[in-house]
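1. need a 3D model of the sequence below.
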Amino acid sequence: MKAKFIKAVENGDLVSVRLFISNELMLDPRGKSFSEMKKFAESKFSNLYDVDDAKSYTSTETEWNEILLFSIKNDLDNNFSKEKLTIYENVAKHVLKDKADQLNKEETSCSQRKYSENVDREQKKNNKKLYMGITVGGAAVAVTGLCLSRVVLASFGFAGVFIGGILLYNDTRK
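-> You can find the predicted model right below:
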C-alpha cells in the first residue's frame, strides 16, 4: 500500500480514502492491491460505505465496456456503497483485462530480468574466486619453485600468476 493512502486512512480523510480505493482498480485491475486497501480501510472506518442508491447496471458481461466502467466510477464517487463497489470491481476486471495481462507480463519480465542479473552477479563472483585461486596458487608454486631452486616449477608458478592476473583484470573491466 502506498504511504499516501495509509496517511489518509490514519488522518480519517474518508473522501480521499474512497478515491484512492476506487482509483486503484484503474491503475492495477488485477485487484490484489485494491483488495488490500479495501480491507485496511474497512478495518479503520465504520462509515466507509454509503447506503446504496439502488441504481442498476447491465449484468451482461458482453455489454460491459469502458463507458459503463467510467459511469459506474463516477456514480461510485457520488455514492460509495458496498454494492456499487462490487459491481465496479467486476466490470473493471473484465473491461481492463488486457491491461491486467500486460501488467502480469511486465512483472514476469522484470522478475526474469532480476533473476538473470542475480545469476550473472553470482557467476561473476564465482569467476573472481576462481581467478583469485589461480593467481594465489600460481604464486605459491612460484615461491616453492624458487625456494627449491626448480626453474621449471617457478616458471609454471609465474605463468599461473600472470594468467590469473590477466583474468582478474579482464573480469574487473566488464
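2. poorly predicted segments of the protein, please.
-> In the predicted model of the chain, residues 174 satisfy pLDDT under 70.
3. tell me which residue lies nearest the centroid of it.
-> Among the residues of the chain, Glu107 comes closest to the average C-alpha position under Cα atoms, centre = their mean, at 6.1 Å.
4. okay, now Phe156: neighbour count?
-> Around Phe156 there are 15 other residues, counting by other Cβ atoms under 10 Å. For glycine as for every other residue, the C-beta is placed from the backbone atoms N, C-alpha and C.
5. what sits against it?
-> Contact analysis of Phe156 by Cβ atoms under 8 Å, 6 or more residues apart in numbering lists Gly138, Val141, Ala142, Gly145.
6. closest one of those residues to Asp98?
-> Gly138 (59.1 Å; Cβ to Cβ).
7. that closest one: what's it in contact with?
-> Contacts of Gly138 by Cβ under 8 Å, 6+ apart are Phe156, Gly157, Phe158, Ala159, Gly160, Val161, Phe162, Ile163, Gly164.
8. keep only those of those residues that are in helices.
-> Phe156, Gly157, Phe158, Ala159, Gly160, Val161, Phe162, Ile163, Gly164 (DSSP state H).
9. out of those residues, which comes closest to Ser33?
-> Among the ones in helices among the contacts of Gly138, Gly164 lies closest to Ser33 (Cβ to Cβ), at 50.6 Å.
10. from Leu153, how far off is the residue lying closest to that closest one once chain neighbours are set aside?
-> Closest residue in space to Gly164, ignoring its immediate chain neighbours: Thr135 at 3.0 Å, by Cβ to Cβ, 6 or more residues apart in numbering. As judged by Cβ to Cβ, to the nearest Å, Thr135 and Leu153 stand 17 Å apart.
11. equivalent analysis for Asn104, please.
-> Distance of Asn104 to Leu153, given as Cβ to Cβ: 61 Å.
12. max-length helix in the protein?
-> Under DSSP H, the chain gives helix 97-147 as its longest helix.
13. show the buried residues in the contacts of Gly138.
-> Gly157, Phe158, Gly160, Val161, Gly164 (16 or more other Cβ atoms under 10 Å).
14. thanks a lot, catch you later.
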